[in-house]
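Novice: coords please:
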Amino acid sequence: MKSTARTGKAINVANLELLLAYLIAMGAKYNPKNQTLTIAKVTLKLSLSKAKLQLVSDAFTIFNSARNLRRDEFKTLKKLCTRIINALIAAGASEAIIANAKTINRKIQGARAKAIVAVPPINPIVEIPVTEIEVTSENGVNKSTLDEIINISVSQQGFDSKEFYFSKLLTLLIAEPLYDPNETDLTTANLTLKQTAMQTTNSDVKTATPGYTNAITDCDAELYASKTGLVDYSKLIKAYCLSVLDSSNANYKKINHIHFKTA
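Specialist: Coordinates of the predicted model:
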């Protein structure tokens, strides 16, 4: 997964490094009274931003590796459950047992028992569109970051649901004496191993998630916090450069074209 939010962070950090190079090239002309804008302070800000960005990269590597293993473990689940239901039917299980198994399987497949037909209202309500406001938290976390964390949470719920219903299906199969297929991968012994593998990979993702989400929110605070974040900090640097160099100055134009974005 390549996140636009993470790519944006990397571009901002790279652009601060480029800006610092231009400041150093100004030589003695770059002499701000505001001590937070000195070359030493800009260098420190760059170092801190790089460190936070690296923590995001490291945490994502661990998180994504765990997630890929889980994806591989779960990707054959739906087809496997379809085979299980048919094996249960072929074994001669009762209609009640089959019905219960099919209900559980529908949960795993993500299907409804019956399609819901929407009935249009007699007097339809006309909805007035609402313009959404871009929101950031007080510590500078971007909305794009918050959206990514929400998406991770929603995805996790989906895997938790599949794991739960597969466990219920396995319990039903173990309790059914007629279910004893010759196919090795459909036996309750091997399905129990499958259940354990699913639980393990799902738990590994849960373990890796806080490290990753905490890293991206910490990085956002370093880059986007009001006044102290990299983006607002770069604006102060540019303002000082404009006070030293004329807006028509070729070097200032290069500095002014170094962009920093909040999303």
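
Novice: from here on, contacts and neighbour counts on C-alpha atoms
Specialist: Will do.

Novice: Provide a list of residues in contact with Leu69.
Specialist: Counting by C-alpha atoms under 8 Å, 6 or more residues apart in numbering, Leu69 touches Thr201.

Novice: now do 10 Å
Specialist: Leu69 is in contact with 197-198, 200-202, 204-205, counting by C-alpha atoms under 10 Å, 6 or more residues apart in numbering.

Novice: closest one to Asn105 out of the residues you listed, please.
Specialist: For these, the closest approach to Asn105 (C-alpha to C-alpha) belongs to Met198, at 16.3 Å.

Novice: next, that closest one: secondary structure please.
Specialist: In three-state terms, and counting by DSSP: H, G, I helix; E, B strand; the rest coil, Met198 is helix.

Novice: which residues touch it?
Specialist: Per C-alpha under 10 Å, 6+ apart, neighbours of Met198: 69-74, 77, 159-160, 162-163, 166, 192, 204.

Novice: out of the contacts of Leu69, who's nearest Lys143?
Specialist: Nearest to Lys143 among the contacts of Leu69, with distances taken as C-alpha to C-alpha, is Val205, at 23.0 Å.

Novice: could you show me where the helices are in the stretch 101-250 of the chain, in order?
Specialist: Assigned by DSSP state H, counting those that start in this stretch, the helices in the stretch 101-250 of the chain fall at 143-175, 188-224, 230-244, 250-256.

Novice: of all these, which lies closest to Leu88?
Specialist: helix 143-175 (8.1 Å).

Novice: what helices or strands is that closest one leaning on?
Specialist: Other helices and strands packing on helix 143-175, by 3 or more C-alpha pairs under 10 Å, 6 or more residues apart in numbering; DSSP states H and E, are helix 4-25, helix 39-74, helix 77-90, helix 95-109, helix 188-224.

Novice: buried set for the shortest one?
Specialist: By 16 or more other C-alpha atoms under 10 Å, the buried positions in helix 77-90 come out as 77-78, 81, 84-85, 87-89.

Novice: now do the second one
Specialist: Under the neighbour-count criterion of 16+ other C-alpha under 10 Å, helix 39-74 has 39, 42-43, 45-46, 48-50, 52-53, 55-57, 59-60, 62-64, 66-67, 69-70, 73-74 buried.

Novice: hmm, back to that, out of the contacts of Leu69, who's the most crowded?
Specialist: Met198 (24 neighbours; other C-alpha atoms under 10 Å).

Novice: quick check: the gap between it and Phe74.
Specialist: 7 Å (C-alpha to C-alpha, to the nearest Å).

Novice: now do Gly158 against Glu17, distance only.
Specialist: 41 Å.

Novice: pick out whichever of these two has more residues nearby.
Specialist: Using other C-alpha under 10 Å, the more surrounded residue of Gly158 and Glu17 is Glu17, with 18 against 13.

Novice: flag the shaky bits of this protein, pLDDT-wise.
Specialist: 1-5, 111-140, 263 (pLDDT under 70).

Novice: got the contact list for stretch 167-179?
Specialist: Counting by C-alpha under 10 Å, 6+ apart, 81, 84-85, 87-94, 97-98, 100-105, 108, 161-162, 165-166, 180, 186-189, 191-192, 195-196, 199 sit against stretch 167-179.

Novice: buried ones in that stretch, by neighbour count?
Specialist: 167, 169-170, 172-174, 179.

Novice: CA atoms only for it, dumped as PDB, please.
Specialist: Below are the C-alpha coordinates for stretch 167-179, written out as PDB (Å, rounded to 0.1, in the frame of the first residue of the first chain):
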ATOM      1  CA  SER A 167     -14.800 -20.400  14.600                       C
ATOM      2  CA  LYS A 168     -18.500 -20.900  14.900                       C
ATOM      3  CA  LEU A 169     -18.600 -23.000  11.700                       C
ATOM      4  CA  LEU A 170     -15.800 -25.200  12.900                       C
ATOM      5  CA  THR A 171     -17.600 -25.800  16.200                       C
ATOM      6  CA  LEU A 172     -20.600 -26.900  14.300                       C
ATOM      7  CA  LEU A 173     -18.600 -29.300  12.100                       C
ATOM      8  CA  ILE A 174     -16.800 -30.800  15.100                       C
ATOM      9  CA  ALA A 175     -20.200 -31.500  16.700                       C
ATOM     10  CA  GLU A 176     -21.600 -33.200  13.600                       C
ATOM     11  CA  PRO A 177     -20.600 -36.900  13.500                       C
ATOM     12  CA  LEU A 178     -21.600 -37.300   9.900                       C
ATOM     13  CA  TYR A 179     -19.000 -34.700   8.800                       C
END
